[in-house]
Each structure stands twice: as C-alpha cells, then as structure tokens.
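J.: please find the sequence and the predicted model below.
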Amino acid sequence: MNRRLLPARSAITLLLVGLLLSFAGCQKQPTLSGLPTTGPDGTAGTTANSEATNPTFTLSTTDVRSSATLSRYRTNEIREYEGARLDPAVGPRDNSIAGVQSVDIDTYRLTIDGLVRQDRLLTYAEVQALAPELRLITLYCVEGWQATILWQGVLLDELIGLAEALPQANTVIFHAHDGYTTSLPLDTIRSRALILAYQANQLPLPPEMGYPFIVVAEAKQGYKWARWVTRIELTDDPSYRGFWESRGFDNDAELD
C-alpha cells in the first residue's frame, strides 16, 4: 500500500504538539474543594461532585456559604439540624416598619385579651415555662429571600387557652412593639399548631428576628410572621387587615 509522506515542516509540528501534550499530562491537576455557586436565596452553595467523570477534578459536597452569610451567624448558633442546612437567624437586612426594636425584658408583659373570658398578662419566663415545641420551618420573605431555621416556642393555641377564647372569636390579631399588626384565622392557628417562638437555632431570638417573640406563621408569607409581639388580641372580625394588608398585601398570604 502506498502512503503519502507528510512534509517535513508538518512532521516537526506534530512532534512538538505531542511533546507539549505529554508534558501537560504529567502535571498534577488542581483539586477544587467547595467551588461556590449562587443559590436561590443569593447565598453561596456548591457545585455537584464531578469526581466520577474527572478523577483529578474533585469538588466537595460540603456546603459553602458567602462571607456575608457567615458573618450573620451568632456565636454558638447551630448551622445544621438532622442533615438540614440552617440559615442565620439574623436576616440579610432589616425590613421592619420602624427599625430593629429593643424590648426591656424585665418590664415586658405579653397581653392576651379581646374576646376572652379573662385577660392574661404573662412574663417572658412564664411563657417559656410552658411545654416547648421544636419546629424546622422556612421563612419566606416577599422580597425574595428565605431562611430555614430551627424554632423553639410554645403553641399559640395553648397561650390563647390560658385566657379562654369566647365562642365567637375567629381571628387573632398580633400587635408588635413597633406598632405593627397582622392577623391569622383562629382555625388556622389551631389546625396547623402554629407556635410563638422565643428561640432560633438553639439561641434566644436576636433582636433582628423579633426578640422576645415571633409568630412562626408556617406556610404564610413573611409579613404574617409578626416580630416583637406584645399583645395577642382575639376578635370576631375576619376582615381585619394589618399594616401591610391595609396597604394592598393579600390578607390570606398563603404560600403558593
């Protein structure tokens, strides 16, 4: 069989390319651990492990978070619970109506009144003395960010029971230290066993998240999660509209 001979210049070129490829193949390839990507909440996540397709390019499956997110964790705040990643209890920014509130816990009293048989005033310690409930629940803010947090608190229905809601009561209005209000149907509070939380990620609530108490309104938009709660009022007005609801926000606020 006749073969065409390559020109000398082409042969030399191929030889040089072969030598370069051989040299590159001998070099140790970089190992990347925890290559960051951006998650749906704007914090950093990690890309999938590609070790199966490229043994010299190893990506860690360990979660990597942005420095801004890491800076929001408090000392001793847990970051994982039963395999679930926990976000910082301090949110990315304050969106309250009057700034972060400072509550004097020594003089603080939680009022439960309205359509009840007996008004109740409870200290912070008295609320904490009730049977604790632990919940892993994600808060979804209408601004687009979210936070998965391990909450500890007490059943709202148990608190209301201390004052004995009257039969005609069907709505609960939450009043906050800054004048903010929002409401939830009493039936929703009971059927979903909603809680009033005093801890986040095994630490007391930070002021930014509503110390001393926040309503953990599971499956509702963030504006239903009243912070710095000072009063729980029972009413028979299901059309009551709180601060944001009276400004056009949906009163139901159910997550899609």
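T.: Cool, the structure landed.
J.: if I look at L184, how far off is A84?
T.: Here the criterion is Cβ to Cβ, to the nearest Å. By it, L184 lies 25 Å from A84. Just so you know, the C-beta spots here come from the backbone N, C-alpha and C atoms, and that holds for glycine as well.
J.: which one's more surrounded, the two?
T.: The neighbour comparison of L184 against A84 (other Cβ atoms under 10 Å) goes to L184, with 23 against 10.
J.: which residues touch that one?
T.: 171-172, 174, 194, 215, 217, 220, 224 (Cβ atoms under 8 Å, 6 or more residues apart in numbering).
J.: for the host helix or strand of it, buried residues please.
T.: Of the helices and strands defined by DSSP states H and E, L184 is found in strand 181-185. By neighbour count on 16 or more other Cβ atoms under 10 Å, the buried set for strand 181-185 is 181-184.
J.: can you put those in a markdown table and add pLDDT and distance to T148?
T.: Shown next, in a markdown table, are the buried residues of strand 181-185 (pLDDT from 0 to 100; distance: Cβ to Cβ, whole Å):
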| residue | pLDDT | distance to T148 |
| --- | --- | --- |
| T181 | 98 | 26 |
| T182 | 98 | 22 |
| S183 | 98 | 25 |
| L184 | 98 | 21 |
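J.: can you give me the helices in this structure?
T.: Under the criterion DSSP state H, the chain contains helices at 8-26, 67-70, 124-128, 156-163, 186-191.
J.: quick revisit: ok now the strand holding L184, how far from the chain's centre?
T.: Computed by Cα atoms, centre = their mean, to the nearest Å, the chain-centroid distance of strand 181-185 equals 20 Å.
J.: next one: stretch 169-183
T.: With Cα atoms, centre = their mean, you get 22 Å for stretch 169-183.
J.: mind listing residues that contact it?
T.: Contacts of stretch 169-183 (Cβ under 8 Å, 6+ apart): 96-99, 101, 103, 114-116, 156, 160, 184-187, 189, 210, 215, 223-224, 226-238, 240-245, 251.
J.: which of these count as buried?
T.: 101, 103, 114-116, 156, 160, 184, 186, 189, 210, 215, 223-224, 226-235, 240, 242-245, 251.
J.: any idea how far Q199 lies from Y211?
T.: In terms of Cβ to Cβ, Q199 sits 10 Å off from Y211.
J.: now do the contacts for F213.
T.: If you count contacts by Cβ under 8 Å, 6+ apart, F213 has them with 110, 127, 153, 196-198, 205, 227-229.
J.: circling back: what about Q199 and Y211, which has more around it?
T.: More crowded of Q199 and Y211, by other Cβ under 10 Å: Y211, with 24 against 18.
J.: and that one, how close does it get to S67?
T.: Going from Y211 to S67 by Cβ to Cβ gives 25 Å.
J.: narrow the contacts of L184 to just the buried residues.
T.: Here, 16+ other Cβ under 10 Å leaves 171-172, 174, 194, 215, 217, 220, 224 buried among those.
J.: can I get those residues in JSON lines with pLDDT and distance to T138?
T.: Formatted as JSON lines, the buried ones among the contacts of L184 follow (pLDDT from 0 to 100; distance: Cβ to Cβ, whole Å):
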{"residue": "T171", "pLDDT": "98", "distance to T138": "25"}
{"residue": "V172", "pLDDT": "99", "distance to T138": "22"}
{"residue": "F174", "pLDDT": "99", "distance to T138": "20"}
{"residue": "L194", "pLDDT": "98", "distance to T138": "14"}
{"residue": "V215", "pLDDT": "98", "distance to T138": "15"}
{"residue": "A217", "pLDDT": "98", "distance to T138": "12"}
{"residue": "K220", "pLDDT": "98", "distance to T138": "11"}
{"residue": "K224", "pLDDT": "98", "distance to T138": "14"}
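J.: nearest to A131 among these?
T.: L194 (14.7 Å; Cβ to Cβ).
J.: what residues does that closest one make contact with?
T.: So L194 contacts 155-157, 184, 188, 215-218 (Cβ under 8 Å, 6+ apart).
J.: pLDDT value on the closest residue to E80 other than its chain neighbours, please?
T.: Using Cβ to Cβ, 6 or more residues apart in numbering and skipping residues adjacent in sequence, the residue nearest E80 is L86, 6.0 Å away. L86 is assigned a pLDDT of 98 by the prediction.
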